[in-house]
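[1] Pasted the sequence and its predicted model underneath.
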Amino acid sequence: MDNSFVYYFETDDFHLKYAQGEPFLKDKEFHNYHEFLIFLEGKSYFISKNIQQELTPGSIVLIPKEQFHQFRISDSDKYKRCVLGFSETSEIAELIKQVMTEVKIIYSPNNKITNLYKDLFEIIKSELDDNTKKLYIKASLIQFLVYFKESLSSGITQNINISPVVLEAINYIDNNFNKKISVNSIAKNLYISPSTLAHKFSKELNITVYQYISKKRINSVEKLVKEGYTYSEAALKSGFYDYSSFYRMYKKSSGN
């Protein structure tokens, strides 16, 4: 089943969608906006830098911008979710920074939060004008953020099933992706064999070291282009030293 956006609403600062089916951006493990994903139905195994865990219906995943994450969907036809993506608008930027520090899962949100995303569903499918919908959704976003800020110490899962060596590899890549790095150079810095690193990395994260580096770099390019750099400048600053190779990879990743 192809991705079906049952309801979708977008502004310059955020987007809200209720969807069922295969994710349209299923290989987009990095993106330049923050995201709340409310898992409604289906079977999904979530993978990130600090979490490996099967999701349960009703759980909420907090995904900060530019953070690696992946959803392994067993049956796309039954995969239902509500997604609220948002940027750091000036009036709530500080609140967002306090809450969106790392990937987190909240398995048992209270009734207030459950009712909040039920209200969002009613708003997005209503016949209200766009300006009114925008106000309602923004108010709901602020309520989500305030709730999560107050409950950061409870009901949150992190650091599950990721080995120390893979965490070290991720941290090394995140700090050096714009340099000339490879499986061999990373393994050398971690004092393990390249084959061991490659095997453990792909097994635990469902992505190869090379793919992780490439996606991290492409995400950096997209961010820099939004800041005003040309694609060639952004590619070089992000670790792509061969523009033609970058261009082919970027076209493939963007689906063009």
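    Now that the structure is in, tell me what you want to look at. Numbers count the residues shown, from 1 in each chain.
[2] Excluding chain neighbours, give the residue nearest to Ala234 in space.
    Closest residue to Ala234 apart from its sequence neighbours, by Cβ to Cβ, 6 or more residues apart in numbering: Leu224 at 3.7 Å. Every residue, glycine included, has its C-beta placed from N, CA and C.
[3] longest helix anywhere in the chain?
    For the chain, the helix with the greatest residue count under DSSP state H is helix 130-150.
[4] what does the strand or helix carrying Gly85 contact?
    Per DSSP states H and E, Gly85 falls inside strand 80-86. With Cβ atoms under 8 Å, 6 or more residues apart in numbering as the test, strand 80-86 has contacts from 13-20, 31, 33-42, 96, 117, 120-121, 137, 140-141, 144.
[5] So among these, which ones count as buried?
    Buried members of those, counted by 16 or more other Cβ atoms under 10 Å: 13-20, 31, 34-40, 42, 96, 117, 120-121, 137, 140-141, 144.
[6] Just the ones of the residues you listed in helices?
    Ile96, Tyr117, Leu120, Phe121, Ile137, Ser140, Leu141, Phe144.
[7] Which is the succeeding secondary structure element to the strand or helix carrying the residue nearest to Ala234?
    According to DSSP H and E, Leu224 maps onto helix 209-226. Downstream of helix 209-226, the next assigned helix or strand under DSSP H and E is helix 231-237.
[8] Tell me what angle the helix or strand following that next one forms with helix 209-226.
    Helices and strands here follow DSSP H and E; after helix 231-237, the next one along the chain is helix 243-254. Counting by axes from the mean of the first three to the mean of the last three Cα atoms, to 10 degrees, helix 243-254 points 90 degrees away from the direction of helix 209-226.
[9] How far off centre is helix 243-254?
    Relative to its chain's centre, helix 243-254 lies at 21 Å (Cα atoms, centre = their mean, to the nearest Å).
[10] Which other helices and strands does that helix contact?
    helix 209-226, helix 231-237 (3 or more Cβ pairs under 8 Å, 6 or more residues apart in numbering; DSSP states H and E).
[11] Find the residue ranges of the protein scoring beneath the pLDDT cut-off.
    Scanning the chain for pLDDT under 70 picks out the ranges 1-5, 22-28, 152-161, 254-256.
[12] Which parts of it belong to which domain?
    For the chain, automatic domain parsing gives the domain ranges 4-157, 164-254.
[13] what sits against the closest residue to Thr101 other than its chain neighbours?
    Leaving aside its chain neighbours, Thr101 sits nearest to Pro64 (6.7 Å; criterion: Cβ to Cβ, 6+ apart). Neighbouring residues of Pro64 by Cβ under 8 Å, 6+ apart: His34, Met100, Thr101, Glu102, Val103.
[14] The nearest residue to Phe177 once chain neighbours are set aside - how many residues pack around it?
    Distances taken as Cβ to Cβ, 6+ apart place Lys216 nearest to Phe177, at 4.5 Å, with adjacent residues excluded. The number of residues packed near Lys216 is 21, by other Cβ atoms under 10 Å.
[15] go on, Lys188?
    By other Cβ under 10 Å, 13 other residues sit near Lys188.
[16] any idea how far it lies from Tyr172?
    Distance, Lys188 to Tyr172, by Cβ to Cβ, to the nearest Å: 11 Å.
[17] circling back: type out the PyMOL command that picks the buried ones from the contacts of Pro64.
    Selection of buried members from the contacts of Pro64 for PyMOL, criterion 16+ other Cβ under 10 Å:
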select buried, resi 34+100+103
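[18] From the contacts of Pro64, which land in strands?
    Using DSSP state E, the subset of the contacts of Pro64 located in strands is His34.
[19] quick check, nearest of the contacts of Pro64 to Phe46?
    Val103 (8.6 Å; Cβ to Cβ).
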